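Engineer: Quick one, what's the 3D model for this:
(chains A and B)
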Amino acid sequence: DAGITQSPRHKVTETGTPVTLRCHQTENHRYMYWYRQDPGHGLRLIHYSYGVKDTDKGEVSDGYSVSRSKTEDFLLTLESATSSQTSVYFCAISESTGSEETQYFGPGTRLLVL
Amino acid sequence: SQQGEEDPQALSIQEGENATMNCSYKTSINNLQWYRQNSGRGLVHLILIRSNEREKHSGRLRVTLDTSKKSSSLLITASRAADTASYFCALRGVGNNRKLIWGLGTSLAVNP
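Structural biologist: Sure thing, here's the model as predicted:
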């Protein structure tokens, strides 16, 4: 989990509440990603960032927003949590090496929405 | 779906045996990557094979790629209990698309 931390690592929340997950990197990598991992679906990209204040949507972005005000931090916000957002959330980073970019993952955040 | 499809979904072998898992896909790719995920942890990059490569080795790992069949295989030789993990293929499409397309993974159990 080289240089990537996620907080919190575990969270239980109630439906309708906002939740913010934080990803912090010490690698100074340009690209950051938020994924969710669910049984039967594998990894699905929620949002990604290609620089400070530059973000774009992934395949499952509805109900999520992101912000990146500093290179090292990428925040994922569930605006109003729903039970379908119960999942394990992974942050990943990469340093662009063109098409051969590989991604480095954080340890994950387990979120339970009751 | 562009998703990589892996088989088998689960594999159980004895220590010392070889483990083979496969990834099939439908899109054109620039490269294909394999990652490992230990239980409760994030994914770790193992190896990348380019679309113009047919075989690649890294330690006890051997990856093959057949672009005509749109499939790849990951072979772990002389497996160890520590190889117990889930293994995922990830596809890098052609062009400027930054997104990786992920398979559903193969769960490997290596029994001592």
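Engineer: which residues touch A:Glu27?
Structural biologist: Under the criterion of Cβ atoms under 8 Å, 6 or more residues apart in numbering or on different chains, the neighbours of A:Glu27 are A:2-4, A:93, A:95, A:104. For every residue, glycine as well, the C-beta is placed using N, CA and C.
Engineer: Any of those buried? List them.
Structural biologist: The neighbour-count criterion (16 or more other Cβ atoms under 10 Å in any protein chain shown) marks A:4, A:93, A:104 among the contacts of A:Glu27 as buried.
Engineer: any chance of the residues you listed in CSV, plus secondary structure, distance to A:Leu111 and pLDDT?
Structural biologist: Shown next, in CSV, are these (DSSP: H, G, I helix; E, B strand; the rest coil; distance: Cβ to Cβ, whole Å; pLDDT from 0 to 100):
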residue, secondary structure, distance to A:Leu111, pLDDT
A:Ile4, strand, 18, 96
A:Ile93, strand, 20, 95
A:Tyr104, strand, 21, 95
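Engineer: Go back to those residues and keep what's next to chain B.
Structural biologist: By Cβ under 8 Å from any Cβ of the partner chain, the members of the buried ones among the contacts of A:Glu27 lying near chain B are A:4, A:104.
Engineer: Where does the most centrally placed residue in chain A fall, secondary structure wise?
Structural biologist: Centroid-nearest residue in chain A: A:Trp34, 2.6 Å away (criterion: Cα atoms, centre = their mean). According to DSSP states H and E, A:Trp34 maps onto strand A:31-38.
Engineer: What of B:Ile49?
Structural biologist: In this structure, B:Ile49 sits in strand B:43-50 according to DSSP H and E.
Engineer: Alpha carbons of stretch A:93-109, in CSV - could you do that?
Structural biologist: Provided in CSV are the C-alpha atoms of stretch A:93-109 (Å, rounded to 0.1, in the frame of the first residue of the first chain):
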residue,chain,number,x,y,z
ILE,A,93,-3.0,6.3,-7.7
SER,A,94,-0.8,6.3,-10.8
GLU,A,95,2.0,8.2,-12.3
SER,A,96,1.3,8.5,-16.0
THR,A,97,3.6,6.4,-18.1
GLY,A,98,1.3,6.5,-21.0
SER,A,99,-0.5,3.3,-21.9
GLU,A,100,1.7,1.2,-19.5
GLU,A,101,0.4,3.0,-16.5
THR,A,102,-0.1,0.7,-13.5
GLN,A,103,-2.2,1.6,-10.5
TYR,A,104,-1.3,1.4,-6.8
PHE,A,105,-4.1,0.8,-4.4
GLY,A,106,-4.8,1.9,-0.9
PRO,A,107,-6.0,-0.5,1.8
GLY,A,108,-9.7,0.2,1.3
THR,A,109,-12.6,1.5,3.3
